[in-house]
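K.L.:
I would like the atomic coordinates for the input below:
(one chain, ligands or ions: 1)
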Amino acid sequence: MNTKIIETKVTVSSFEELDPSNQNLINKAKEEVSKAYAPYSGFQVGAAVELENGLIFTGNNQENSAYPSGLCAERVAMFYANSQYPDVAVKSIAIAAYTNGQFLEYPVTPCGSCRQVLLETEMRYDKPINILLYGIKEVFLIDNVRQLLPLCFEKSSLK
Ligand code: THU
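P.N.:
Numbers count the residues shown, from 1 in each chain. The predicted structure is shown next:
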């Protein structure tokens, strides 16, 4: 018997020390929260996806009275981007969340279903997706989706 330790690298930064392109993508995610449809949770999430061609697609969470029918911001934005530019890889995604009248102090991290969807996109284009998770006090930078979803189920698992 042996033990495997799985590590995730997270770079912690202030918003101010990020480079301007990352600040810009986070600002786009922050702008999105005001358009979220979140009457049940009151938890408004915005996401901004930047493609390799420089285009940015945004989205927010869309809730439903039949709760599981709703969709998280990350998947709304990612499916939007992939549906419009199926041949262009995703470079980065930024996520921000707002509740009780303010943005979260510490980053929101994507749910398991969103991680699975982000991983599919990363593997589909075979390019790492930079992940930027916004919080007022700290921003997390993660180099790729694999870091967020170790021991994942993927295409090769089907063979
Ligand atoms: N939500 C997101 O949109 N993204 C996340 O990363 C976490 C959760 C949404 C789903 C639901 O509308 C609300 O936030 C509360 O879970």
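K.L.:
can you spell out which helices and strands pack onto the longest strand anywhere in the chain?
P.N.:
Ranked by residue count and defined by DSSP state E, the top strand of the chain is strand 90-99. Where contact means 3 or more C-beta pairs under 8 Å, 6 or more residues apart in numbering; DSSP states H and E, strand 90-99 is packed against helix 20-32, strand 44-51, helix 73-84, helix 112-125, strand 130-133. To be clear about C-beta, it is placed using only N, CA and C from the backbone, and glycine gets the same treatment.
K.L.:
which of these sits most buried?
P.N.:
Most buried of the helices and strands packed on strand 90-99 by mean neighbour count (mean count of other C-beta atoms under 10 Å) is strand 44-51; its value is a mean of 26.
K.L.:
for the record, mean pLDDT for the next helix or strand after that strand?
P.N.:
The helix or strand immediately downstream of strand 44-51 is strand 56-60, counting by DSSP states H and E. Taken as a whole, strand 56-60 has a mean pLDDT of 98.
K.L.:
returning to that earlier point: nearest to T99, out of the helices and strands packed on strand 90-99?
P.N.:
Proximity to T99, assessed across the helices and strands packed on strand 90-99 by C-beta to C-beta, is greatest for strand 44-51 (6.7 Å).
K.L.:
which strands and helices lie in contact with that closest one?
P.N.:
helix 20-32, strand 56-60, helix 73-84, strand 90-99.
K.L.:
partners of the shortest one in the sheet?
P.N.:
Using DSSP bridges, the strands paired with strand 56-60 are strand 44-51 (antiparallel).
K.L.:
anything in the strand it pairs with near the ligand?
P.N.:
Yes: judged by C-beta under 6 Å from any ligand atom, strand 44-51 and the ligand are in contact via V45.
K.L.:
what sits up against that strand?
P.N.:
By C-beta atoms under 8 Å, 6 or more residues apart in numbering, the residues outside strand 44-51 that reach it are 25-26, 28-36, 38, 56-61, 72-74, 76-78, 80-81, 85, 88-99, 108.
K.L.:
this completes my enquiry, with thanks.
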